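J.: Any chance you could fold what I've pasted below:
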Amino acid sequence: MDTLRKIGILMIVVAVVVAVFGVWLKVYNDKLAQNQVNETGSCYLSDGTCLHATSDSIMYVSVAIAAFLAGLGMYLMFRKEAKKTVIKKVAEKTANDEKKDFTSEAPKTLGPESKQIFDIVAQSNGAILQGELVMKSGMDKVKVSRVLDKLEMHGLIERRRHGMSNMVVLKK
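T.: Reported below is the predicted structural model:
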C-alpha cells in the first residue's frame, strides 16, 4: 500500500474521531443546558449566551471539519494512479539514461593522449573526478588539464566544480 493511501485511511479515521467527539460534545453541552434549565428555568447564561446555540455550533464545526478530512482522505485513497505512473516512468527513464553505458568512441581527429583521456572518461560511465583521471592516465596534472582543455574546446567533455576538484563529464 502506498504512502498516500495510508495517509488517506488515517485522515478518514481522524475524521470519524472528530465527528464522534463533536457529537459527544453536543450531547454533553445539551445535558449541561438541561441542568441549567432545571436549576434556573432558562438555558441562557448570565452573559446572554444560549447553551443550545453553543452546542449546535460546536457540532456543526466538528462535522464540517470531519467531512473535509473524510473527503480528502477518500480522494487520497481512491485517486487514479495515472500521475504516479507518469512520474515513475520519467524517473525510470532518467535513471536509465544516467546508467547508460558510455561506449562512445573518441573522434579519429584526436591525438593519442586525448583519445586515452576520452576513453578513460567513457569507461567510467561518462563521469570521473579529474584527480582520479590523473591517476588512471599516468599523466601529470598539467598534461591532463591541457588535454581536458582541448576536449572541452571540441565540445566532447565538460568540467564541473566538485568540491576542491573537477568532475569531468562526457557531453551527450
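J.: A strand includes Lys108, no?
T.: No: applying DSSP: H, G, I helix; E, B strand; the rest coil, one finds Lys108 to be coil, outside a strand.
J.: residues near it, how many?
T.: Neighbourhood size, Lys108 [other Cβ atoms under 10 Å]: 6. (C-beta placed from N, C-alpha, C; glycine too.)
J.: any weak-confidence spans in this protein?
T.: Per-residue confidence for the chain (pLDDT under 70) gives these ranges: 1, 80-106.
J.: tell me the contacts of Ala67?
T.: Ala15 (Cβ atoms under 8 Å, 6 or more residues apart in numbering).
J.: tell me which element it is part of?
T.: helix 51-78 (DSSP states H and E).
J.: Just the buried positions in that helix, please.
T.: If you call a residue buried by 16 or more other Cβ atoms under 10 Å, then helix 51-78 has these buried ones: 51-52, 54-55, 58-59, 62-63, 66, 69-70, 73, 76-77.
J.: starting at the chain centroid, how far to that helix?
T.: Relative to its chain's centre, helix 51-78 lies at 29 Å (Cα atoms, centre = their mean, to the nearest Å).
J.: Between helix 51-78 and the helix ranked longest in the chain, find me the angle.
T.: If you go by DSSP state H, the chain has its longest helix at helix 3-40. Here helix 3-40 runs at an angle of 170 degrees relative to helix 51-78 (axes from the mean of the first three to the mean of the last three Cα atoms, to 10 degrees).
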